[in-house]
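>>> Sequence first, predicted coordinates after that:
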Amino acid sequence: MSLKLYCDLMSQPSRALYILLKSIKCDFEVKFVNLREAEHYSEEFSEINRFQRVPVIDHNGFILTESVAILKYLSRENIIPESLYPKESKAQARVEEFLEWQHAGLRLHCAMYFRVKYLNPIMFGKPVDAKSLVGYESRMVSALTDFNTKWLGRGTDFINGNTPTVADLLAACELEQPRMSGYDPCENFANIAVWFKKVREHFNPYYGEGHVIVNKIIKKNSKVASKV
């Protein structure tokens, strides 16, 4: 089997796939695409993904984009074990229910808060628009509230039962993003705090490996904030 993963570890779904493939001991080749250097806009990468985004996989010449589509495909190809992506119809449907919800229900709001609070000032050299940020934070907090109460805290350890699935890993990687902007969901949501610890522990040491860059940014920004 030949499997290549094109990714950047600053990308949430890239991290999830990287950590997943590492944790299941999959023999794959990592092809890092540096988003900060705009390598995703290069002619070479554009031939791999016409949408110029990561992650992308190349499985024996079959190229596939979009993280959820990739997860579903890797499950059908029996690369992801059933414990992380169920085969039984109803259990699988529950995992995919979250995968469908998280795009607009969680990812959008955490990513936009990160972009407005942290990324845009770096990219464009302009200060944060405080008034605009209030709206983005409010929408993110609403999304985190839904996740904390409607997906977690229902008497199980993880999103869909007492064992983790790809849904938990994808969600955890999304929730790391606002932490780089100085907002830690664990400080405000009790169910998320308990769940987050369990997800990290389950997927370590690869969870930590996939978040080396993220954790450096978080540490650097926390030092800056403490001096203000």
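That came through fine. Numbers count the residues shown, from 1 in each chain.
>>> quick one: contacts of the helix or strand of the chain with the lowest mean pLDDT?
Evaluated with mean pLDDT, DSSP states H and E, the helix-and-strand set of the chain has its lowest mean pLDDT in helix 212-227, which scores a mean of 83. By CB atoms under 8 Å, 6 or more residues apart in numbering, the residues outside helix 212-227 that reach it are 9, 10, 15, 118, 176, 179, 180, 181, 182, 208. (Each C-beta comes from the backbone N, C-alpha and C, glycine too.)
>>> I'd like to know which of these is nearest to residue 200.
Using CB to CB, residue 208 is the member of these that sits closest to residue 200, with 7.6 Å.
>>> Count the residues that sit near that closest one.
12 (other CB atoms under 10 Å).
>>> Tell me how far it lies from residue 48.
Taking CB to CB, to the nearest Å as the measure, residue 208 and residue 48 are separated by 28 Å.
>>> looking at the contacts of helix 212-227, which has the most residues close by?
Highest neighbour count within those: residue 15, with 28 neighbours (other CB under 10 Å).
>>> where does this protein dip in pLDDT?
For the chain, the stretches with pLDDT under 70 are 1, 224-228.
>>> Provide a complete list of residue ranges assigned to helices in it.
Taking DSSP state H to define them, one finds helices in the chain at 12-23, 43-48, 67-76, 89-102, 108-114, 120-124, 130-146, 166-176, 190-203, 206-210, 212-227.
>>> I am finished for the moment; much appreciated.
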